[in-house]
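Enquirer: Model the following, please.
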Amino acid sequence: MLDAFLVSAVGLQAQKDQLDTIANNLANTNTVAYKRRTVDFSGLLDRTAAPAGASAQTAEAARPSGIRVDMVQGEVRTTGRPLDIAITGPGFIEVNLRDGRIGYSRGGSLQVNADGLLSLPSGQVLKADIRIPTGATGVEVMPDGSVRAQLKGDAAPSVLGQIELVNFTSSDALVPLGAGLFELRDANTEPARAWPGEEWAGELSVGAVEASNVRMVDEMVHLMLAQRVYELNAKVAQAADEMMGLTNSLRR
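Expert: Numbers count the residues shown, from 1 in each chain. Coordinates of the predicted model:
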C-alpha cells in the first residue's frame, strides 16, 4: 500500500508539471519565437531517491525537471518592418545577457538602443556588436545577415556588420530563459557557426517574425488529459488510504 502512495505521489507531481507547462504554453501563444515546452515523463522514472534526512528543498532540487523544448519552426509572419527578422530553418542569434553570459534568440523585432547598438526588444544587445552611427537612415537587415544603413555624406548604403547564426547538436543543450531566450546548459559547449543561408544555417526572413509554435487546440486537449490523469492518480491515493484504514481496523 505504501508503494501505491508512492506511485500516486509521482503521478500527481508529474501531472502538476504537465499542467504548469501547458499553462505556460498558453500564456505565450502570442510571444514572438516562443517554443512550446513539453514534459518528458520517461525522465521521471530515472529519478533517484533523496538522501535520508534531506530537506524538502534538497529533495525538490534533486528531482529531474523533465521539461523539454519543442524546436519545431513557428509560422513566419510578415510585418514589413526592415528590422524584423525571422530565422527560417536551424540557427540562433547570439546576444549578450545582462549578467555577462551569452544568450540565444530566434530573432524578432530588432531595435537600436541608446548606445546605437542593435538589440532585442527586451534589451539584450546582439553579440555581433553592430553599431548604428548617429544620423544614419534606412537601417535594414539583408537576407545574408548583413546590416546596412545610409550614412551622412555617402552616396551608397554602408555595411555596418553581419549577423552570424549558431546551432547545437541537440536542443537539450539549451535551457529556456523566457521571452524567447535560451542559454547553454553547459557553458563549455561550442556551437557550430555559419552565415545565414550557408552550410547548415537557415535563412533570414527580413520584414517578418517567427510566431510561437504553440497550437491552442493541441494545448487544450493536453490540458483536459492532464486534468483527467491527475484525478485518477488522486483516486489511487484515496483507495490506498481506504485499504490501509481497513487493514488497521482488522488488526484491532
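
Enquirer: how does the chain divide up, domain by domain?
Expert: Residue ranges for the domains of the chain, per automatic domain parsing: 2-71+214-251, 76-210.

Enquirer: Hmm, residue 107 is touching residue 93, no?
Expert: Yes: here residue 107 lies in contact with residue 93, judged by C-beta atoms under 8 Å, at a distance of 6.0 Å. (Each C-beta comes from the backbone N, C-alpha and C, glycine too.)

Enquirer: Common neighbours of the two, please.
Expert: Counting by C-beta atoms under 8 Å, 6 or more residues apart in numbering, the shared contacts of residue 107 and residue 93 are residue 87.

Enquirer: What sits closest to residue 222 if chain neighbours are left out?
Expert: Distance criterion C-beta to C-beta, 6 or more residues apart in numbering; nearest residue to residue 222, sequence neighbours excluded, is residue 22 at 5.5 Å.

Enquirer: What is the burial count for residue 121?
Expert: Residue 121 is flanked by 12 other residues according to other C-beta atoms under 10 Å.

Enquirer: Just the pLDDT for the closest residue to it other than its chain neighbours.
Expert: Excluding its sequence neighbours, the residue lying closest to residue 121 (C-beta to C-beta, 6+ apart) is residue 109, at 5.4 Å. As predicted, residue 109 sits at a pLDDT of 93.

Enquirer: With residue 241 instead?
Expert: 74.

Enquirer: Buried residues of whichever strand or helix holds it, list them for me.
Expert: Using DSSP states H and E, residue 241 sits in helix 216-251. Buried positions in helix 216-251, judged by neighbour count with 16 or more other C-beta atoms under 10 Å: 219, 222-223, 226, 229-230, 233, 236-237, 240.

Enquirer: want to try a markdown table for these, with distance to residue 177 as columns?
Expert: What follows is the buried residues of helix 216-251, written out as a markdown table (distance: C-beta to C-beta, whole Å):
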| residue | distance to residue 177 |
| --- | --- |
| 219 | 21 |
| 222 | 23 |
| 223 | 24 |
| 226 | 24 |
| 229 | 29 |
| 230 | 28 |
| 233 | 31 |
| 236 | 36 |
| 237 | 35 |
| 240 | 40 |
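
Enquirer: Looking at those residues, spot the one nearest residue 180.
Expert: Within the buried residues of helix 216-251, the smallest distance to residue 180 is 17.8 Å, found for residue 219 (C-beta to C-beta).

Enquirer: Contacts only, for the closest one.
Expert: 22, 25-26, 36.

Enquirer: what do you get if the cut-off is 6 Å, keeping everything else the same?
Expert: 22, 25-26 (C-beta atoms under 6 Å, 6 or more residues apart in numbering).

Enquirer: mind listing which of these are in helices?
Expert: Mapping the contacts of residue 219 onto helices (DSSP state H) picks out 22, 25-26.
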